[in-house]
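**Student:** Give me a 3D structure for the following:
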Amino acid sequence: MEEHVGREVGSGAVTLHQVTGGNGVRLAVRTAGPPGAPSIVLLHGWAQSGAAFAAQLADPTLTAEYRLAAPDLRGHGYSDVPDPDGGYSDPEAWADDVAAVIDLVGKPVVLVGWSYGGAVITDYLRVFGEDDLAGIVFASAAVEVGRDRPGAGPGTAMRSVVPYVNLEDLDAATRGFTEFVRGMAEGHLPGELSQRIVGDALRVPWQVRRAMFRRDFDSSGVLQRITVPTLVAHGELDAVVDPSVAQYTVGKIPGARLRWFPKTGHMPFAERTEEFDAMLLEFAGQVLE
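**Tutor:** Below you'll find the model as predicted:
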């Protein structure tokens, strides 16, 4: 895998890299924390970017002990945007993308998957297994994609906007994502963050957004084979990935632990940052040291 160290971002605490993932797709990766430190890889959700984890990348306690990496998934953010046939339905392409990020920061890692990022973790496990992982955190995460899949379980906010957010029409997509953000965090997000979420979503081509939802796969067997420590963290009020998905996930993974975030929607790491980061710090300390 290639690595190109790019410019520093913001205060200089975060550095932007480029790695080559599946099918030659170039992926942008934000990192923070000392090179060579035990690593945590943060995988964002559908129609977002690694910037979703800005609070974690800026956390002085986390980044003093661990190297954090937050890639932009293929078709998102600063990463390449292959056409709708460019690997979005291919678990090997997604798995190769994650492997490229792991190669950048060093193994073993803790993989954290938020929303669709949880499904990407199952792609990685399907192809490469868990040998290079120290632990897994599913954060308000889906683990499957497809109609009536129990590991997908779209909540009310997701179901209400699906007819609009995957359309080419700008007005329809903008209205859809605006309502989506209002429903995803129960009003707990500041306006600046809410607008960034909408902007990141609209930046992803509608064909890519649609292609990712056209997948259909079961992950029950993959989950049942997980042996590394696994934490399932979910907002009790999540209206994007229904809380029943957390129950399904923890029920499939031997020994997995379930952590609920009360009065929290789809973004526990943004709505309850201090609590989420403390949880992540504790979990990483148990499995990486």
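**Student:** all contacts plus neighbour counts: C-alpha atoms, from now on.
**Tutor:** Will do.
**Student:** Let me see the ranges of the helices in the stretch 151-289 of the chain.
**Tutor:** Assigned helices in the stretch 151-289 of the chain, in chain order: 156-165, 170-184, 191-203, 206-213, 220-224, 243-252, 268-271, 273-288 (criterion: DSSP state H, counting those that start in this stretch).
**Student:** Compare the ones you listed and report which one is nearest to Pro108.
**Tutor:** helix 273-288 (7.8 Å; C-alpha to C-alpha).
**Student:** buried set for the closest one?
**Tutor:** Neighbour counts over helix 273-288 (16 or more other C-alpha atoms under 10 Å) mark Thr273, Phe276, Asp277, Leu280, Leu281, Phe283, Ala284, Val287, Leu288 as buried.
**Student:** cool, and stretch 235-244?
**Tutor:** Quick answer for stretch 235-244 (16+ other C-alpha under 10 Å): Gly235, Glu236, Leu237, Asp238, Ala239, Val240, Val241, Asp242, Pro243, Ser244.
**Student:** Pro268: which of those is nearest?
**Tutor:** Nearest member of the buried residues of stretch 235-244 to Pro268, counting by C-alpha to C-alpha, is Gly235, at 6.2 Å.
**Student:** and the longest strand for this protein?
**Tutor:** strand 133-141 (DSSP state E).
**Student:** Now do the helices in the stretch 1-150 of the chain.
**Tutor:** Using DSSP H, counting those that start in this stretch, helices in the stretch 1-150 of the chain cover 54-57, 60-65, 91-105, 116-128.
**Student:** elements contacting the third one?
**Tutor:** Just to be clear, that refers to helix 91-105. strand 14-20, strand 39-43, strand 67-71, helix 116-128 (3 or more C-alpha pairs under 8 Å, 6 or more residues apart in numbering; DSSP states H and E).
**Student:** Contacts only, for the closest residue to Val14 other than its chain neighbours.
**Tutor:** The shortest distance from Val14 to any non-neighbouring residue, by C-alpha to C-alpha, 6 or more residues apart in numbering, is to Ala32 (4.8 Å). Shown in contact with Ala32 (C-alpha atoms under 8 Å, 6 or more residues apart in numbering): Ala13, Val14, Thr15, Leu57, Ala58, Thr63, Arg67, Leu68, Ala69.
**Student:** Pull out the buried residues from the residues you listed.
**Tutor:** Val14, Thr15, Leu57, Ala58, Thr63, Arg67, Leu68, Ala69.
**Student:** Identify the residues contacting the fifth one.
**Tutor:** Shown here is Thr63, whose contacts under the criterion C-alpha under 8 Å, 6+ apart are Ala32, Gly33, Pro34, Leu57.
**Student:** which sections of the protein are below the confidence cut-off?
**Tutor:** 1-12, 186-187 (pLDDT under 70).
**Student:** The residue lying closest to Asp59 once chain neighbours are set aside: what's it in contact with?
**Tutor:** The shortest distance from Asp59 to any non-neighbouring residue, by C-alpha to C-alpha, 6+ apart, is to Asp277 (7.9 Å). Residues counted as contacts of Asp277 (C-alpha under 8 Å, 6+ apart) are Gln56, Asp59, Leu62, Phe269.
**Student:** which residues sit against stretch 64-82?
**Tutor:** 25-44, 47-51, 53, 57, 97, 101, 105, 200, 203-205, 208.
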